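S.K.: sequence-free structure coming up:
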């Protein structure tokens with residue numbers, strides 16, 4: 001077996017294992033508790049296990065370590081940037097999918113072997129998620145510096161929170177969010193009634209998590225890992241503009257695709273941070289980046305840089 005045969009395959013396994021573990025860690029604790037009725041799994045939403053955190057939207061949405069550039073920091077507030085992102089979303093062309101089709105996303109994925117140490121590795125990822133939630137997602141990867149190094153198409157299954165090495169057979173929720181409310185107030189009411197399924201471990205206080213005031217925002221952010229049509233996406237960004245605690249990260253951000261952006265740091269992440277990245281000029285959503293804090297020092301761990309989204313008929317098909 002040649003070195004090329006070994007390298008992409010081994011890297012894919014590590015990337016998949018790390019991303020699945022990372023997705024499990026992303027469940028954000030909610031301090032406020034109140035009584036809620038029966039929790040309903042998001043019928044059009046995204047389950048944390050099985051998708052890469054692409055707010056693939058997805059971005060869901062490429063992972064890329066993003067660096068500070070020479071441009072001046074944005075003077076806009078997080079709420080203003082979200083509203084500009086909403087305006088940009090309305091201008092995007094709308095994709096239409098049937099339940100049996102797939103949401104295709106391509107992104108760059110950069111992450112470290114360990115959260116705060118080791119070299120960064122960049123991979124190009126292509127993912128196919130079931131538009132109607134009728135099948136497991138599938139994906140393939142290659143190191144970004146090896147154009148011919150694509151690995152085999154892999155089926156992605158959610159992990160059991162109690163046993164991260166165990167895969168579950170439960171099908172994911174639909175990746176195509178075609179019938180979400182397009183008014184922010186109506187969307188907020190909908191998200192309160194249909195929280196995303198976090199696949200919490202048995203020891204978690206589900207009532208506190210799903211009944212918290214910030215849970216609708218957690219659900220809204222999770223939808224960026226699927227496809228949200230333009231008007232609904234605009235409502236989602238307008239809703240996120242209301243979330244307390246989001247701040248603009250000082251400085252310029254450059255993703256793996258070389259795009260200059262502005263980053264908004266979202267609240268509620270324990271032991272690290274999660275940033276949403278938008279194009280500095282157009283305010284189109286670009287992806288995410290994640291950092292961990294160890295011994296008072298923040299270290300970039302992974303990030304997402306969405307390249308393209310399309311609707312296709314089957315896994316492995318390219319637009």
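M.R.: Yes, it's here. As the structure is a prediction and not an experimental result, all values here were calculated from the model. Numbers count the residues shown, from 1 in each chain.

S.K.: contacts and neighbour counts: CA atoms only from here.
M.R.: Will do.

S.K.: next, residue 281: phi, psi?
M.R.: The phi and psi values for residue 281, taken as degrees, to the nearest 10, are phi -100, psi -50.

S.K.: what number of residues lie near it?
M.R.: 10 (other CA atoms under 10 Å).

S.K.: try residue 107
M.R.: Neighbours of residue 107 (other CA under 10 Å): 30.

S.K.: now do the same for it: helix, strand or coil?
M.R.: For residue 107, the reduced secondary structure class is strand; criterion used: DSSP: H, G, I helix; E, B strand; the rest coil.

S.K.: that one contacts residue 303, doesn't it?
M.R.: No: the pair residue 107 / residue 303 is not scored as a contact, 10.4 Å apart, by CA atoms under 8 Å.

S.K.: in the stretch 51-200 of the chain, which spans are helices?
M.R.: Assigned helices in the stretch 51-200 of the chain, in chain order: 78-90, 184-193 (criterion: DSSP state H, counting those that start in this stretch).

S.K.: so how far is the shortest one from its chain's centroid?
M.R.: Helix 184-193 has its C-alpha centroid displaced from the chain centroid by 20 Å (CA atoms, centre = their mean, to the nearest Å).

S.K.: may I see the buried residues of it?
M.R.: Judged by neighbour count (16 or more other CA atoms under 10 Å), helix 184-193 contains these buried residues: 184, 187, 188, 191, 192, 193.

S.K.: burial count for the nearest residue to the first one once chain neighbours are set aside?
M.R.: Nearest residue to residue 184, sequence neighbours excluded (CA to CA, 6 or more residues apart in numbering): residue 235, at 4.8 Å. Residues within reach of residue 235, counting by other CA under 10 Å, total 26.

S.K.: and residue 235, its phi and psi?
M.R.: According to degrees, to the nearest 10, residue 235 has phi -60, psi -40.

S.K.: if I pick it, what's in contact with it?
M.R.: 86, 181, 182, 183, 184, 187 (CA atoms under 8 Å, 6 or more residues apart in numbering).

S.K.: the third one and residue 96, how far apart?
M.R.: If I follow you right, that is residue 182. Taking CA to CA, to the nearest Å as the measure, residue 182 falls 16 Å from residue 96.

S.K.: so which bits of the longest strand along the chain are buried?
M.R.: Counting by DSSP state E, the longest strand found in the chain is strand 297-312. Residues of strand 297-312 classed as buried by neighbour count (16+ other CA under 10 Å): 299-312.
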